[in-house]
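>>> structure of the sequence below:
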Amino acid sequence: MKNFRMWMLFVCAIVMIQIAGFFITGFLMYTGLSVGVLSIEQPIPWLPFLGYLIAASAFSVTVTVLISRFFFRPIHQLALAMDQVAEGNFQIQLPESAMGIGVREMNQNFNKMVKELNSMEMLQSDFIQNVSHEIKTPLAAIEGYASLLTAGLPPEEQQEYARRILESARRLSSLTGSILKLSKLENQQIISEKSWFSLDEQIRQVILTMEPLWSEKNLDLKLDLESIFYLGNEELMIQVWANLFSNAVNFTPKGGMISVRLKRTGQEDDRGKNDGIQAEFQDSGIGMSREVQAHIFDKFYQADCSRNGDGNGLGLALVKQIVGLCGGEIIVESKPDHGSTFIVRLPARENLLYQAGSIR
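Below is the predicted model of the structure:
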């Protein structure tokens, strides 16, 4: 499209030169005949050439002025804006209503780049602040309780402080482990070490390991798990189900309900039938606003209403990264005070879903 417009501009320029040359030549001839310099009996052969020469010169000057106005000025603005970006100013924006071939698109792309750089800088700043906060909190607790242990307290209090030190150490260990795992996943392009395993049985095992958590809150569990074998990394998929189910337990009040469903899905597209897997984790918890939903997959993000001592804001970021590496997607549906539903969709075209017991 751009080449076509440039060719059209070139053709228009040639036509304009021809038309201008015709009128200038006619004007010179009329003027010459009027003042008696020319006569019809003795035409001047070089007069048409002079007319075209003058027309081409005038057009060249006009084009030069236009290029300086509509071409070099945007480039000059871009150069100045790049200098601002190099100095760390990611708030600068170029006008997206600029005229000229490619200028508007160039400015739009520059503005997108600056917005991305600004977003990355904010994420990096937030990441550093959150990591510092999350690490300093358990370290401060460990230091405080350890100081109390040296004060010659009764054995009962010593045991309590020792228990709190252990909890803080485990929290710190979990945080550093999650950071390292997320960093590894972010630099990973494919999932290795794949094997066949029962997806429904894996989810059941995850729920059973967390039995003390949901039993203590007297939660009503509803499981509808279709028998599905899946080819993937078993350890990574455990991370997905564990994080989603623990979130549902944490944010569901006592006596609430959690529903977990696993099923095959299928839809027709231009390549034929596209089979897949869908897992849903639905709870009757506190729900989320649209603002919270927009950030729940960001690293270290924790809504004010959900801050507690158990989370570090990395669980859902890990889930999204793992599901993305699997070629799938995760969707959240939620309303305040109406619970939340997390939907994980995994492709299974190359996995070939099997009934339990069909793999030898």
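>>> and stretch 321-339, end to end?
With Cα to Cα, to the nearest Å as the measure, stretch 321-339 spans 24 Å from end to end.
>>> give me the buried positions along it.
With burial defined by 16 or more other Cβ atoms under 10 Å, the residues of stretch 321-339 counted as buried are 321-323, 325-326, 328, 330, 332, 334, 339. The way it works is simple: take the backbone N, C-alpha and C, and place the C-beta from them, glycine included.
>>> try stretch 246-263
246-252, 256, 258-262.
>>> before we move on, what about stretch 204-219?
204, 206-207, 214, 219.
>>> residue ranges with poor pLDDT in the stretch 201-350 of the chain?
267-274, 300-313, 349-350 (pLDDT under 70).
>>> what ranges do the strands span in it?
With strands called from DSSP state E, counting those that start in this stretch, the stretch 201-350 of the chain shows them at 220-225, 229-232, 257-269, 272-283, 329-334, 340-347.
>>> any chance of the ones you listed in CSV with distance to Lys194 as columns?
Below are the strands of the stretch 201-350 of the chain laid out as CSV (distance: least, Cβ to Cβ, whole Å):
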stretch, distance to Lys194
strand 220-225, 21
strand 229-232, 5
strand 257-269, 19
strand 272-283, 15
strand 329-334, 19
strand 340-347, 13
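>>> closest one to Cys12 among the ones you listed?
Closest approach to Cys12 among the strands of the stretch 201-350 of the chain (Cβ to Cβ): strand 257-269, 44.7 Å.
>>> and the angle for the closest one with strand 272-283?
Between strand 257-269 and strand 272-283, the angle comes out at 170 degrees (axes from the mean of the first three to the mean of the last three Cα atoms, to 10 degrees).
>>> export strand 257-269 as PDB, just CAs?
The C-alpha coordinates for strand 257-269 follow below in PDB (Å, rounded to 0.1, in the frame of the first residue of the first chain):
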ATOM      1  CA  MET A 257     -18.500 -23.900  48.300                       C
ATOM      2  CA  ILE A 258     -15.700 -24.700  45.800                       C
ATOM      3  CA  SER A 259     -16.500 -26.400  42.500                       C
ATOM      4  CA  VAL A 260     -13.700 -28.000  40.400                       C
ATOM      5  CA  ARG A 261     -14.600 -29.300  36.900                       C
ATOM      6  CA  LEU A 262     -12.400 -30.900  34.200                       C
ATOM      7  CA  LYS A 263     -13.600 -31.800  30.800                       C
ATOM      8  CA  ARG A 264     -12.800 -32.100  27.100                       C
ATOM      9  CA  THR A 265     -13.700 -29.400  24.700                       C
ATOM     10  CA  GLY A 266     -13.900 -29.400  20.900                       C
ATOM     11  CA  GLN A 267     -14.600 -26.900  18.200                       C
ATOM     12  CA  GLU A 268     -14.400 -26.800  14.500                       C
ATOM     13  CA  ASP A 269     -11.900 -24.500  12.700                       C
END
